[in-house]
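S.K.: Would you be able to build a 3D model of this:
(one chain, ligands or ions: 1)
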Amino acid sequence: MVSRVIPVDPFDLVIFGGTGDLAQRKILPALFRRFRGGQMPTGARIIGAARASMDTDAYRAFVMSALQEFSGDGSAQEIADFLSRIHYVILDADGDTGWSTLRGFFDQDDEFDEANPPVRVFYFSVRPRLFGGLAERLYRYGMAKGGRIVVEKPFGNDLETARTLNQMLAAYFHESQIYRIDHYLGKETVQNLMAIRFGNMLFEPLWNSQYVDHIQITVAETVDVEGREDYYDRAGAMRDMMQNHLMQLLCLIAMEPPAKFDSDAVRDEKLKVIRALDPVQPHHIVRGQYSGDADVGLPSYRDTVGNQRSTTESYVALKAHVSNWRWAGTPFYLRTGKRLVARSSVINVMFKDAPHSIFGADAGRHANLLTIRLQPNEGITLQVTIKEPGQGGMRLVDVPLDMSFAEALGKEGSHPADAYERLIMDVIRGNQTLFMRGDEVEAAWAWTDPVIAGWTARGDVPKPYDSASIGPGDADLLMRRDGREWRGIRP
Ligand code: BG6
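M.R.: Just a heads-up that it's a prediction; the model follows:
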């Protein structure tokens with residue numbers, strides 16, 4: 001199956017922080033792959049902007065080594081063609097150096113065609129404290145008009161800081177110009193959640209508390225904090241993953257069908273879910289911190305971050321309730337952690353038992369389970385109950401109807417485009433559906449803040465858990481108290 005390449009208009013994309021880690025690992029390789037995919041029309045330019053003193057040739061050499069390290073494909077000719085689109089400006093995000101040069105790349109205002117505005121994207125791949133200054137200078141130097149700005153997480157570290165950031169951006173840009181990235185929304189299978197729910201007749205009639213017993217959302221990682229000790233020790237799993245990525249998954253699973261697949265219709269529905277979340281009860285949440293393993297030379301969390309008194313969680317599991325007609329009485333169990341036994345992001349929708357078993361008590365209890373595997377091995381499995389093969393009697397057994405997207409879709413299914421490729425192309429197309437709106441981010445913080453404030457007030461210390469385990473034992477208790485169990489964490 002060959003995917004269609006939807007053409008985009010010529011564009012200029014400025015990467016503030018053009019020499020940074022994100023630019024090297026994600027943004028530039030993603031742009032290169034889209035270039036190779038035929039989605040960078042003639043005239044499209046990428047302008048790296050950073051403080052480092054270098055010229056365009058030196059920056060092109062820098063981009064080439066980033067591509068060699070983080071992209072790995074492409075012929076020498078393709079790389080050379082791509083590099084010819086790249087430019088560089090020495091620019092101070094905090095001061096006025098370089099801004100007039102950057103402005104010189106674009107037409108002057110009197111040439112700005114209102115009816116057919118040029119596509120100008122400004123990617124803020126810098127620390128959030130620089131966002132306000134960048135937005136103000138873009139405006140002051142006459143580049144805000146018709147421009148689109150892309151901002152990365154962390155978008156604030158609580159409601160107050162998120163509000164301040166929103167206000168700083170709103171002073172110079174309209175909400176329709178602001179693209180807040182949550183890279184989970186760019187993942188192929190995350191978008192598939194919407195296709196599965198709203199493109200099929202099969203699931204939606206059952207998608208409510210009458211038929212669904214509970215839902216589990218797991219985002220398990222094997223990695224540790226990967227060189228971001230300083231940030232992570234201030235953030236922890238609740239801010240780093242739960243407030244954004246798992247929250248977005250919860251929204252897509254729980255939201256009402258939007259009237260159409262357009263950005264505000266989808267985001268309105270997601271916002272309603274966040275606002276319908278009950279505050280999390282302290283006994284419905286478990287925090288964990290991974291221990292080291294001296295035998296194999298694995299440092300503990302505290303060793304990793306170099307803070308032996310750290311009480312930051314590298315794992316969090318909680319029970320959430322969406323208080324509305326659809327979900328009253330169906331809990332959502334969410335968990336995420338680092339250094340766990342396997343990398344696995346999975347959503348399990350556990351249906352209720354059939355209301356009456358005609359097969360008698362010996363047949364046991366059986367319930368359908370829909371498993372949506374986000375990564376790795378993207379696919380869905382529906383567990384159904386059938387008769388166990390055999391000569392006599394009626395014994396029931398649960399078997400999976402398994403669909404691996406890689407098998408079903410061939411090459412396209414096994415190599416879905418990277419989230420950044422999709423998200424950057426959506427910015428260029430001007431489609432905000434997969435980006436978080438300001439009110440959504442604020443609502444997510446409003447739900448997260450009291451949880452964190454509660455830990456601080458109680459002096460909560462996370463429970464230790466073994467590296468390469470499924471997390472702290474208390475997370476199992478959270479389920480068992482409700483007569484339920486987590487599904488296994490498997491790659
Ligand atoms: C990031 C977090 O947003 O997502 C990281 O800051 C985490 O801590 C990462 O490792 C996980 O993303 P993915 O795409 O590897 O699941």
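S.K.: For the stretch 251-400 of the chain, which segments are assigned as helices?
M.R.: 263-276, 301-305 (DSSP state H, counting those that start in this stretch).
S.K.: Tell me which of those sits most buried.
M.R.: Most buried of these by mean neighbour count (mean count of other CB atoms under 10 Å) is helix 301-305; its value is a mean of 21. (C-beta placed from N, C-alpha, C; glycine too.)
S.K.: CA atoms of that one as CSV?
M.R.: Coordinates of the C-alpha atoms in helix 301-305 are reproduced here as CSV (Å, rounded to 0.1, in the frame of the first residue of the first chain):
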residue,chain,number,x,y,z
TYR,A,301,17.2,7.3,40.1
ARG,A,302,18.9,9.3,42.9
ASP,A,303,22.4,8.4,41.5
THR,A,304,21.2,9.3,38.0
VAL,A,305,20.1,12.7,39.0
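S.K.: isn't there a helix covering residue 234?
M.R.: Yes: under DSSP: H, G, I helix; E, B strand; the rest coil, residue 234 sits within a helix.
S.K.: Quick check: it touching residue 157?
M.R.: Yes: the pair residue 234 and residue 157 qualifies as a contact (CB atoms under 8 Å) at a distance of 7.2 Å.
S.K.: the more surrounded of those two?
M.R.: residue 157 (19 against 13; other CB atoms under 10 Å).
S.K.: what sits against that one?
M.R.: 234, 235, 239 (CB atoms under 8 Å, 6 or more residues apart in numbering).
S.K.: now the residues you listed in TSV, with distance to residue 52 and pLDDT?
M.R.: Putting the contacts of residue 157 into TSV (distance: CB to CB, whole Å; pLDDT from 0 to 100) gives the following:
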residue	distance to residue 52	pLDDT
234	26	95
235	27	96
239	30	97
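S.K.: how about the residues of this protein near the ligand?
M.R.: 221, 223, 240 (CB under 6 Å from any ligand atom).
S.K.: residues in contact with residue 139?
M.R.: The neighbours of residue 139, taking CB under 8 Å, 6+ apart as the test, are 172, 173.
S.K.: what's downstream of whichever strand or helix holds it, the next helix or strand?
M.R.: Counting by DSSP states H and E, the element that carries residue 139 is helix 131-140. Counting by DSSP H and E, the element after helix 131-140 in chain order, helix or strand, is strand 148-151.
S.K.: CA-only coordinates of that following strand, as CSV, when you get a sec.
M.R.: Taking C-alpha atoms only, strand 148-151 is exported to CSV below (Å, rounded to 0.1, in the frame of the first residue of the first chain):
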residue,chain,number,x,y,z
ARG,A,148,2.9,30.5,12.8
ILE,A,149,4.8,29.7,16.0
VAL,A,150,5.5,26.2,17.2
VAL,A,151,6.2,25.7,20.9
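S.K.: That strand: how far from the chain's middle?
M.R.: 16 Å (CA atoms, centre = their mean, to the nearest Å).
S.K.: For that strand, name the packing helices and strands.
M.R.: strand 119-124, helix 131-140, helix 159-170, strand 178-180, helix 419-429 (3 or more CB pairs under 8 Å, 6 or more residues apart in numbering; DSSP states H and E).
S.K.: And the last one, what's buried?
M.R.: This points to helix 419-429. 419, 420, 421, 422, 423, 424, 425, 426, 427, 428 (16 or more other CB atoms under 10 Å).
S.K.: helices or strands up against the helix or strand just after that helix?
M.R.: Once helix 419-429 ends, the next helix or strand along the chain (criterion: DSSP H and E) is helix 438-458. When contacts are defined as 3+ CB pairs under 8 Å, 6+ apart, helix 438-458 sits against helix 159-170, strand 178-180, helix 263-276.
S.K.: What angle do helix 419-429 and the helix or strand that comes right after the second one make with each other?
M.R.: Per DSSP H and E, the first helix or strand lying C-terminal to strand 178-180 is helix 188-199. Helix 188-199 runs at 60 degrees relative to helix 419-429, counting by axes from the mean of the first three to the mean of the last three CA atoms, to 10 degrees.
S.K.: next SSE after helix 188-199?
M.R.: For helix 188-199, the following helix or strand on the C-terminal side (DSSP H and E) is strand 212-220.
S.K.: Partner strands of that following strand, with direction?
M.R.: Applying DSSP bridges to the sheet, strand 212-220 is found paired with strand 332-337 (parallel), strand 344-353 (antiparallel).
S.K.: Tell me how far the shortest one lies from the chain's centre.
M.R.: What it means is strand 332-337. With CA atoms, centre = their mean, you get 15 Å for strand 332-337.
S.K.: For the one helix or strand residue 68 maps to, enumerate the helices and strands it packs against.
M.R.: Per DSSP H and E: residue 68 is located in helix 56-70. Where contact means 3+ CB pairs under 8 Å, 6+ apart, helix 56-70 is packed against helix 28-36, helix 76-83, strand 86-90.
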